[in-house]
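Trainee: 3D, please:
(chains A, B and C)
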Amino acid sequence: MGFLSYLINGISLGSVYAIIALGYTMVYGIAKMLNFAHGDVIMIGAYVVLTAITGGINPLVAVLISMVVCTVLGMTIEKVAYKPLRNAASPLAVLITAIGISYLLQNIALIVFGAAPKSFPDFIKVPALKLAGGELVISGVAMVTIGACVVIVVALTFFVNRTKQGRAMKAVSEDKGAAQLMGINVNATISLTFAIGSALAAIAGVLLCAAYPSVTPYTGAMPGIKAFTAAVFGGIGSIPGAMIGGILLGVIEIFGKAYISSQVADAIVFSVLIIVLLVKPTGLFGKNIQEKV
Amino acid sequence: MKNKKRLLSAALVAVMLVAVVAGCGKKDSGDSSSSEGSETFKIGGIGPLTGPAAVYGIAVQNGADLAVKEINEAGGINGKQVEFKMEDDTHDAEKAVNAYNTLKDWGMQMLMGTVTSDPCIAVEAEAEADNMFLITPSGTAVDCIKGGNAFRLCFSDPTQGIKAAEYIGEHGVGKKIGVIYDSSSSYSKGIYENFAKEADNHDLEVVAAEAFTADSNKDFTVQLKKIKDAGADVVFLPIYYDETALILKQAKDMEFDTTFFGCDGLDGLLSVEGFDTSLAEGVMLLTPFAANAEDELTKKFVADFDAAYSQTPIQFAADGYDAIYAIKAAAEEGGITPDMSASDICDALVTSMTKIELKGLTGTISWADDGEPDKEPKAAIIEGGEYVMK
Amino acid sequence: MKKKIFKNNMITYALIIAFYIVMQVMITTGSISSLLQGLLVPLCMYAIAAVSLNLVVGFSGELSLGHAGFMCIGAYASAIFSRVTEDSLPDLPRFLIAILIGALVAGVFGFLIGIPVLRLRGDYLAIVTLAFGEIIKNLFNVLSLGKDNEGLHVSFNDAAVMELGEGGEKIVDGALGITGTPRDSSFTIGIILLLLTVFIVVNLVNSRTGRAITAIRDNRIAAESIGLNVTKYKLMAFTISTTLAGVAGVLYAHNLSSLTVKLFNYNTSILILVFVVLGGIGNVRGSIIAAIVLTALPELLRGMANYRMLIYALLLIVMMLFNWAPAAIHFRERIKSKFSKKQEVV
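Mentor: Model (predicted):
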């Protein structure tokens, strides 16, 4: 029974990582950049929802507002800070700017919302599922998170493969130059990717803070890094990879704590990651691109 | 053309470097060496004002600011006004030393800081070399006050761990103890270690001790389940209140009904914005300060604090407030004046600190030669969303 | 070509030495602020870290996000040595040995980690180095080490209270780290180590080996096809880089009396990467200048109180755009060409 219960905990934690990792992987697939500010957009999304709900707005409307705010924020960041560097001499330049944006968002939040942790309202009113006579408990938030995760993966997969804009995204990610020649508006496509990625960040922020109800200006930072790890784990750029990677990461973290040692849980997670990458250098679902002369 | 470009970039670089050096050097033109003829006392403060530990630093700053304002309105120390300046250390030892040096350039005569332990150890070494008086409001590690110039306002880690074990043992709170501690925090680990050592003396058994780190401080279900399976009847939490809020929620979700027992880090739990206080029902904590205590001093402090910052003060704010008043009491006892050098002030205060008795927010405190405070811990239990003193 | 490189290197050395002399003059005349004086050793340390990372990022073309982990290893190894031999060795030789130990241990770890890891490319290498940095941090966090009359005791279980015999003393105490390390670091030693680092890196880069390393960076397959041993050269650059990072760690450990793993997280690794990229990838002098400017900047902004780190972040973004955006570079070229035209007229 212990094993099953840990597994369920692992999946709940992992689904939160997964939903953050989806945003990372979307942006990476198209823009080929590690958007280090993603975790902080999540934090902003959470604060917006918190402020809206405290202001008496219906939770669902609050989530929509937050998605709009994050989308605008994400697109603005892309326009102001990333786009000018898209053709820079080194891809590292935009990575560093993303770090600058991350510091900036954290410090804005620190000034606007203060340093004290705020408790997140418990607005997801799904009752917990109890199995095996109360031995196994699956919390409502976990079910919602997993559900949301699956829905998003299916929707994104459909979008990327079946719609015009989605296919344009795929084309841009394969070859920017060729895509442009085919009449695809590369700038608009990248902008759209950031918009979707940021809207996902808002949802991730809500679910992260619903599962672990405490918000500070630094809430997004560490889950961001873990989700980034999860995205790489699953093969960065791959949508199902991000979900599987996230859930696996959560399960490994919980099992590491449960069966090996709670003191070195972080080391265990990262060790598994390294081993996986050494065996499969592009992650679980990553494409292995053969280099040619 | 190429050469010109290089010349230009070299010139740009030179300008940048000069700006940096000049900027750093400039502050020196102030009154670093002596404050002769000065009419005000200059008290410096150091703590994390940005970064993940900012909440503690800002609380101390607010508490101290309030104390300084009160003192100045009441005529100052020995008739002289007090200036207080707090510098940010982002909870990092190196930045804390930078902050210390900045304050020295400003003309600091006494130091109230640092707020957190690891930076405090680094700053204390600097302050000892300079013979600068130091009182840490909340640095709990033993080494924070290694030097003869340093005093502490709060309990040290060993004291807290030992008193917690004593209290649980003597009041029969429980016999089988589970612990959740933060292995990446010296505060948490320090209390836990000393608690574990002392537990034997009170016939307590630590049945499970589970760690977490600052990098994975969201999910505690595993730690809770292990403790539950080990049959613990008390869970000891030598950690801070933000993680505690999550632990209480997760314990409730897994229907783990037990007594939670914490130290001073738990104070502030009830004032987390939006926190469902029913989760904290029955939580016990050893804390020198509770915001709803009935004495006049606390009542006034809480009201003033709320008026100034529109929030309920946490224990760190009370520590900052008391630390400033401790400096005031010692300064009056030692009869220091603002025109004395920092080193002379330190010599005078070190002697007078051991003579004073401060009736502060965090108890009636007197100090021993080694800089440790002597005060009684108070135990509180949370009932109906309020701290009730035991 | 050779002459140009030589001249360029001389400028770097001259700038460092000039910086040293100016600071020394300011110290002896007492016109230096406490803040600046306290910053001197950290500036050297960050400059060394940046130059060493540049070897990997700039010349070898690999993205490493675990540099702070190697600094951590160097710092801990040397600090443990200094604490153990505190009473038995005189200050200067002990510190010199400590530097060697820190460098060596960090180098050995770099070598061992490099063997499997350098097979990965680009962002995958970045994430693995980041992971190693976090593992190192996590393990040091639970490390306890004590000495008593029977010798050294090591424990990786911080839940257990270490029982030490007679004359027992804790040297490493889990999250509290190492306290009371002798404070041997000085500005002079820092500058000497920085000069040494620059010397090693620029000589390596301009040697046969260095050309092989950059050839691999520019075109791996072409380099392989002319018979260059890719793994060997990459590993060499990585090991030297981690060795030098260890030296930076030693300077840090012996500058403050409190050493914890907190500093050595991914944020610091990223910060050092920021120095390298802002200073110009593959530009040694740029790394040093960026390290100095960005370390001093938050201190200069102290007057801004709460807005300090906000302004720092903004300045970082603006500097990056100014330095790297093609549009900004184009704009600068135009200004420069106008500038030089005017010069010619005059």
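
Trainee: could you use CA atoms for every contact and neighbour count after this?
Mentor: Noted.

Trainee: now do the SS call for the most centrally placed residue in chain B.
Mentor: Central residue of chain B (CA atoms, centre = their mean): residue B:138, 2.4 Å from the mean position. Under DSSP: H, G, I helix; E, B strand; the rest coil, residue B:138 falls in the coil class.

Trainee: and the pLDDT at it?
Mentor: Note for residue B:138: predicted pLDDT of 91.

Trainee: next one: the spatially closest residue to residue A:250 that is not a sequence neighbour from chain B, what distance?
Mentor: Distances taken as CA to CA, 6 or more residues apart in numbering or on different chains put residue A:14 closest to residue A:250, at 3.7 Å, once the chain neighbours are dropped. Residue A:14 sits at a distance of 11 Å from chain B (criterion: CA to the nearest CA, to the nearest Å).

Trainee: thought residue A:14 was touching residue A:242?
Mentor: No. In this structure, residue A:14 is not within contact of residue A:242 by CA atoms under 8 Å, at 10.5 Å.

Trainee: looking at these two, which one has more neighbours?
Mentor: Per other CA atoms under 10 Å in any protein chain shown, whichever of residue A:14 and residue A:242 has more neighbours is residue A:242, with 34 against 30.

Trainee: could you pull up the residues touching the more buried one?
Mentor: Applying CA atoms under 8 Å, 6 or more residues apart in numbering or on different chains, we find residue A:242 in contact with A:18, A:21-22, A:25, A:230-236.

Trainee: one more pass at 10 Å, please.
Mentor: Taking CA atoms under 10 Å, 6 or more residues apart in numbering or on different chains, we find residue A:242 in contact with A:17-26, A:153, A:227-236, A:248, A:284-285.

Trainee: near chain C too, which of those residues?
Mentor: A:228-229, A:232-233, A:235-236 (CA under 10 Å from any CA of the partner chain).

Trainee: and residue C:316, that one's in a helix?
Mentor: Yes. Under three-state DSSP, residue C:316 falls within a helix.

Trainee: re the thing from before, so what sits against both of residue A:14 and residue A:242?
Mentor: A:20, A:227, A:230, A:248.

Trainee: just the CA atoms of the host helix or strand of the second one, as CSV, please.
Mentor: It stands for residue A:227. Assigned by DSSP states H and E, residue A:227 belongs to helix A:221-234. Listed next in CSV are the C-alpha coordinates belonging to helix A:221-234 (Å, rounded to 0.1, in the frame of the first residue of the first chain):
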residue,chain,number,x,y,z
ALA,A,221,12.3,29.8,-9.6
MET,A,222,12.9,26.3,-8.3
PRO,A,223,9.9,24.6,-9.9
GLY,A,224,11.0,26.3,-13.1
ILE,A,225,14.5,24.7,-12.9
LYS,A,226,13.0,21.3,-12.1
ALA,A,227,10.5,21.6,-14.9
PHE,A,228,13.3,22.6,-17.2
THR,A,229,15.1,19.4,-16.1
ALA,A,230,11.9,17.5,-16.8
ALA,A,231,11.6,18.9,-20.3
VAL,A,232,15.2,17.9,-21.1
PHE,A,233,14.5,14.5,-19.5
GLY,A,234,11.6,13.9,-21.9
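
Trainee: next one: phi and psi at residue B:75?
Mentor: Dihedral pair for residue B:75: phi 110, psi 0, per degrees, to the nearest 10.

Trainee: might one say that residue A:154 is in contact with residue A:22?
Mentor: No. Applying CA atoms under 10 Å, one finds residue A:154 not in contact with residue A:22, separated by 11.7 Å.

Trainee: higher neighbour count, those two?
Mentor: Under the neighbour definition other CA under 10 Å, residue A:154 and residue A:22 were set side by side, and residue A:22 has more, 33 against 13.

Trainee: residues near residue 66, how many?
Mentor: In the absence of a named chain, this looks at chain A. Residue A:66 has 29 neighbours, counted by other CA under 10 Å.

Trainee: that's the wrong chain, I wanted chain C
Mentor: 31.

Trainee: what does residue B:171 give?
Mentor: What residue B:171 shows, counting by other CA under 10 Å, is a neighbour count of 8.

Trainee: export the helix or strand harbouring residue B:112 as CSV, just CAs?
Mentor: According to DSSP H and E, residue B:112 maps onto strand B:110-113. Provided in CSV are the C-alpha atoms of strand B:110-113 (Å, rounded to 0.1, in the frame of the first residue of the first chain):
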residue,chain,number,x,y,z
MET,B,110,27.0,50.0,16.4
LEU,B,111,25.6,47.1,14.5
MET,B,112,22.2,45.5,14.9
GLY,B,113,22.6,42.4,12.7
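
Trainee: that strand pairs with which strands, and in what direction?
Mentor: strand B:40-47 (parallel), strand B:133-136 (parallel) (DSSP bridges).

Trainee: any idea which of these is most buried?
Mentor: Neighbour counts (mean count of other CA atoms under 10 Å in any protein chain shown) averaged over each of the strands paired with strand B:110-113 peak at strand B:133-136, with a mean of 30.

Trainee: before we move on, the earlier item: quick check: mean pLDDT of whichever helix or strand comes after the strand holding residue B:112?
Mentor: On the C-terminal side of strand B:110-113, the closest following helix or strand by DSSP H and E is helix B:117-130. Helix B:117-130 carries an average pLDDT of 92.

Trainee: equivalent analysis for stretch A:14-33, please.
Mentor: 88.

Trainee: now for the nearest residue to residue B:145 once chain neighbours are set aside, how many residues are close by?
Mentor: In this structure, residue B:145 finds its nearest non-sequential neighbour in residue B:151, 5.9 Å apart by CA to CA, 6+ apart. For residue B:151, the neighbour count with other CA under 10 Å is 29.

Trainee: contacts only, for residue B:151.
Mentor: Contact analysis of residue B:151 by CA under 10 Å, 6+ apart lists B:112-113, B:133-137, B:139, B:144-145, B:323, B:350, B:353-354, B:367-373.

Trainee: need phi/psi at the spatially closest residue to residue A:256 that is not a sequence neighbour.
Mentor: Of all residues not flanking residue A:256 in the chain, residue A:265 sits nearest, at 5.5 Å (CA to CA, 6+ apart). Here is the backbone geometry of residue A:265 (degrees, to the nearest 10): phi -60, psi -40.

Trainee: what's the local residue count around residue A:265?
Mentor: The tally of other residues near residue A:265 (other CA under 10 Å) stands at 27.

Trainee: in what helix or strand does residue C:41 lie?
Mentor: Assessed by DSSP H and E, residue C:41 sits inside helix C:34-54.

Trainee: and that helix, what's its mean pLDDT?
Mentor: Rounded mean pLDDT across helix C:34-54 is 94.

Trainee: send the alpha carbons of that helix over as PDB?
Mentor: This file holds the C-alpha atoms of helix C:34-54, laid out as PDB (Å, rounded to 0.1, in the frame of the first residue of the first chain):
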ATOM      1  CA  SER C  34      36.000  49.900   3.400                       C
ATOM      2  CA  LEU C  35      33.500  48.700   0.800                       C
ATOM      3  CA  LEU C  36      36.000  48.700  -2.100                       C
ATOM      4  CA  GLN C  37      38.700  47.200   0.100                       C
ATOM      5  CA  GLY C  38      36.400  44.400   1.100                       C
ATOM      6  CA  LEU C  39      35.500  43.900  -2.500                       C
ATOM      7  CA  LEU C  40      39.000  43.400  -3.800                       C
ATOM      8  CA  VAL C  41      39.300  39.700  -3.100                       C
ATOM      9  CA  PRO C  42      35.800  38.800  -4.300                       C
ATOM     10  CA  LEU C  43      36.600  40.700  -7.500                       C
ATOM     11  CA  CYS C  44      39.700  38.600  -8.100                       C
ATOM     12  CA  MET C  45      37.800  35.500  -7.300                       C
ATOM     13  CA  TYR C  46      34.900  36.200  -9.800                       C
ATOM     14  CA  ALA C  47      37.400  37.300 -12.400                       C
ATOM     15  CA  ILE C  48      39.200  34.000 -12.100                       C
ATOM     16  CA  ALA C  49      36.000  32.100 -12.300                       C
ATOM     17  CA  ALA C  50      34.900  34.000 -15.300                       C
ATOM     18  CA  VAL C  51      38.100  33.600 -17.200                       C
ATOM     19  CA  SER C  52      38.200  29.900 -16.400                       C
ATOM     20  CA  LEU C  53      34.600  29.400 -17.600                       C
ATOM     21  CA  ASN C  54      35.400  31.300 -20.700                       C
END
